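Asks: Compute the structure for the input listed below.
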Amino acid sequence: MQVAKEKLCQTKFTVNEIAFELGFKYPQHFSRLFKNRVGYKPNEYRNASLN
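Replies: Sure, this is the predicted structure:
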């Protein structure tokens, strides 16, 4: 999840691109796991980190 957090904050890749890059077959699985572990959806985390 740390790599995912860094990619969300430091790149302009979409959530889908990040999910595929990290080896997830389905971006929805990545988003669900991210929300369960971090407490935010990936886009919510990105938006909160940029502000």
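Asks: State the number of residues packed around residue 30.
Replies: 21 (other Cβ atoms under 10 Å). Yep, even glycine has a C-beta here, placed from its N, CA and C like the rest.
Asks: Now it: closest residue in space that isn't a chain neighbour?
Replies: residue 19 (3.6 Å; Cβ to Cβ, 6 or more residues apart in numbering).
Asks: Same check on residue 8?
Replies: Leaving aside its chain neighbours, residue 8 sits nearest to residue 46 (4.4 Å; criterion: Cβ to Cβ, 6+ apart).
Asks: Return the list of helices and strands in contact with the strand or helix carrying the one you found.
Replies: For residue 46, the host element (DSSP states H and E) is helix 42-50. If you count contacts as 3 or more Cβ pairs under 8 Å, 6 or more residues apart in numbering; DSSP states H and E, helix 42-50 packs onto helix 2-10, helix 15-21, helix 27-38.
Asks: centroid residue for the chain?
Replies: residue 42 (4.0 Å; Cα atoms, centre = their mean).
Asks: Am I right that that one is in contact with residue 36?
Replies: No - checked against Cβ atoms under 8 Å, the pair residue 42 and residue 36 is beyond contact range at 11.9 Å.
Asks: deepest of the helices and strands packed on helix 42-50, which one?
Replies: Stretch with highest mean neighbour count among those: helix 15-21 (a mean of 17; mean count of other Cβ atoms under 10 Å).
Asks: what packs against that helix?
Replies: Where contact means 3+ Cβ pairs under 8 Å, 6+ apart, helix 15-21 is packed against helix 2-10, helix 27-38, helix 42-50.
Asks: Run the chain-centre distance for the second one.
Replies: What that stands for is helix 27-38. Distance, stretch centre to chain centre, for helix 27-38: 7 Å (Cα atoms, centre = their mean, to the nearest Å).
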